[in-house]
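Asks: Any chance you could fold what I've pasted below:
(chains A and B)
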Amino acid sequence: MNISLRNDPVELSRLAEILEEFGRQHGLTQRDLLALDLSLHEHLTNIINYGYDNTKPREIQIRLRLGDRLLHLEVEDDARPFNPLERPPIDTTVPLDQKPLGGLGIHIIRRSMDQLEYRRDGGRNILTMRKRIA
Amino acid sequence: MPITKIASADNWELTVPGRIDGAVANQLEIEILGAMRAGAKEIFINLSQADFICSAGIRVLLQYYRQMKNNQKVLLVTRPSPNITSILDMTGFIDLIVEGNRPTT
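Replies: Down below sits the predicted model:
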């Protein structure tokens, strides 16, 4: 399935509906659907909110495949170069009073997916995410 | 779906249904600030009807948990749905849930 989104936060609600329908069609468990939904939401939020120098409309491409109990996701954008995998992992055991406010989105993606790969290709960021599903 | 609020004396309950994305996180922040201005000593965020919370929503909870705590007041999550519990658990925020409502495992 290929999904094309504009760089506008309102598109994230539309994406959530598409994912819910995808989950229904493919019989995804609630847990797997949540992992998919969260990962895309966090990654796209970063792209839309921080990736562009101006508010010109852009397109973000999402490719979603499911085969042999493996979910394969690819997100491609023409935002400024950003490799989320370079962000250091956060320590979840730090008490609430000392927790940093940032870095959570990428942590959520790391915890929700089994494998992540980033590449910059032809002026585009491509993040590949894979997850074994139930 | 709107955020509903019940206030009795110094104790407020804000119920946030559905999907807590960036926009709803902003609304929640406005409601929390309103409760704080009204002098709330305890703010409980009821997430029994929420099924999604993104990092922006968690940041709002953390930020106002701290502000309230620094003023010897309380802000905590009550009755989280299974999805919310799972997200708060994976992010290390289980302590935001009121003690009796945390998962037992």
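Asks: residues from chain B in reach of chain A?
Replies: When proximity is defined by CB under 8 Å from any CB of the partner chain, chain B lies next to chain A at B:19, B:21-23, B:52, B:54-56, B:58-59, B:62-63, B:65-66, B:69, B:82-83, B:86-87, B:90-93, B:95-96. The C-beta positions use only the backbone N, C-alpha and C, and glycine is treated the same way.
Asks: Cross these against strands and list the overlap.
Replies: The members of these that map onto strands under DSSP state E are B:19, B:52.
Asks: Restrict the residues of chain B next to chain A to the buried ones and give me that as a ChimeraX selection.
Replies: A single ChimeraX command suffices to select whichever of those are buried according to 16 or more other CB atoms under 10 Å in any protein chain shown:
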select /B:19,21,22,52,54,55,56,58,59,62,65,66,83,86,87,90,91,92,93,95,96
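Asks: Nearest spatial neighbour of whatever residue of chain B ends up closest to chain A, chain-adjacent residues omitted?
Replies: Proximity to chain A, evaluated over chain B using CB to the nearest CB, is greatest for B:Gly92 at 2.7 Å. In space, not counting the residues next to it along the chain, B:Gly92 is nearest to A:Thr92; the distance is 2.7 Å by CB to CB, 6 or more residues apart in numbering or on different chains.
Asks: which secondary structure element contains the one you found?
Replies: With elements delineated by DSSP states H and E, A:Thr92 resides in a region that no helix or strand encompasses.
Asks: can you pull the contacts of it?
Replies: A:107, B:90-92 (CB atoms under 8 Å, 6 or more residues apart in numbering or on different chains).
Asks: Apply 10 Å and report the result again.
Replies: A:99, A:104, A:107, A:111, B:89-94 (CB atoms under 10 Å, 6 or more residues apart in numbering or on different chains).
Asks: Among the residues of chain B next to chain A, which lie within helices?
Replies: Judged by DSSP state H, helices contain the following of these: B:22-23, B:55-56, B:58-59, B:62-63, B:65-66, B:69, B:82-83, B:86-87, B:90.
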